[in-house]
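S.K.: I would like to see how this sequence folds:
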Amino acid sequence: MNSQADPSPTPAHLIEVKVAEVHQLFNSMDPSPFHERDLDHDAEQFIVSWAQEFPSHAPLKLVVHLGRVPEGVTDVRALVDESVKHYFDYRAEMTRREFRQLMKEGRIALIIGLIFLTMCELVAQGLPATQDTWHGMVRQGLTIIGWVAMWRPLEIYLYRWWPVRRLERVYRNLSTMNVEVCVAR
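M.R.: A predicted model of the protein is given here:
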């Protein structure tokens with residue numbers, strides 16, 4: 001009989017954060033309840049920078065080391081887990097919207113660029129084909145400026161979209177990661 005071992009799940013990449021109290025994880029200026037509160041900017045940057053070190057779909061695990069449990073909080077693990085996942089889900093959605101806005105901007109820039117390039121080429125082709133240096137320079141200048149107008153859409157479609165898309169994947173991954181809270185005794 002031929003038996004194959006089941007492949008074991010990929011171990012999660014570990015991200016560890018150490019704070020004296022849970023309030024340090026969250027933006028103190030945000031008046032929302034904890035489960036809807038924004039993460040502190042430094043905490044977010046720390047977690048995201050570590051997550052970006054790993055493949056965007058690799059399983060992640062966040063371990064929050066707390067100095068003490070705040071008074072009145074019965075289940076600090078659930079609180080942190082829900083808050084962190086909610087926050088990164090929100091950031092993923094905002095990044096997805098940013099990507100859609102960037103693609104819209106790219107389409108508009110492409111249309112404008114193509115119209116301008118076409119106009120420049122039509123004017124350049126309409127100039128008399130003489131041996132005059134000025135006509136040649138104007139012709140060549142119109143062609144160059146027409147192609148320069150295409151820089152913005154080319155920049156968006158060649159370079160600007162993929163970092164935004166990668167960040168969205170990182171945020172999506174962070175919104176589904178396992179969260180563990182360890183309280184110092």
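
S.K.: just for the protein, where's the confidence low?
M.R.: Within the chain, the segments meeting pLDDT under 70 span 1-9, 28-37, 185.

S.K.: ok, now how distant is Leu122 from Thr130?
M.R.: 18 Å (C-beta to C-beta, to the nearest Å). Every C-beta, even on glycine, is put in place using the N, C-alpha and C of the backbone.

S.K.: Not counting sequence-adjacent ones, nearest residue to the residue nearest the centre of the chain?
M.R.: Taking C-alpha atoms, centre = their mean, the centroid of the chain lies closest to Leu167, which sits 2.6 Å from it. Of all residues not flanking Leu167 in the chain, Thr95 sits nearest, at 5.4 Å (C-beta to C-beta, 6 or more residues apart in numbering).

S.K.: before we move on, what SS does Leu14 have?
M.R.: Of the three states, Leu14 takes strand under DSSP: H, G, I helix; E, B strand; the rest coil.

S.K.: If you could redo that for Gly106, that was the one I meant.
M.R.: helix.

S.K.: Roughly how far does the residue lying closest to it once chain neighbours are set aside sit from Gln101?
M.R.: Distance criterion C-beta to C-beta, 6+ apart; nearest residue to Gly106, sequence neighbours excluded, is Ile156 at 3.8 Å. Distance, Ile156 to Gln101, using C-beta to C-beta: 11 Å.

S.K.: swap in His86?
M.R.: Distance of His86 to Gln101, given as C-beta to C-beta: 23 Å.

S.K.: who's more crowded, these two?
M.R.: A count of neighbours by other C-beta atoms under 10 Å puts His86 above the other of His86 and Gln101, at 17 against 11.

S.K.: Is the more buried one within a helix or a strand, and which one?
M.R.: helix 76-126 (DSSP states H and E).

S.K.: Now do the helix or strand that that helix is followed by against helix 76-126, angle only.
M.R.: Where DSSP H and E defines the elements, the next helix or strand beyond helix 76-126 is helix 133-148. What separates the directions of helix 133-148 and helix 76-126 is an angle of 160 degrees, with axes from the mean of the first three to the mean of the last three C-alpha atoms, to 10 degrees.
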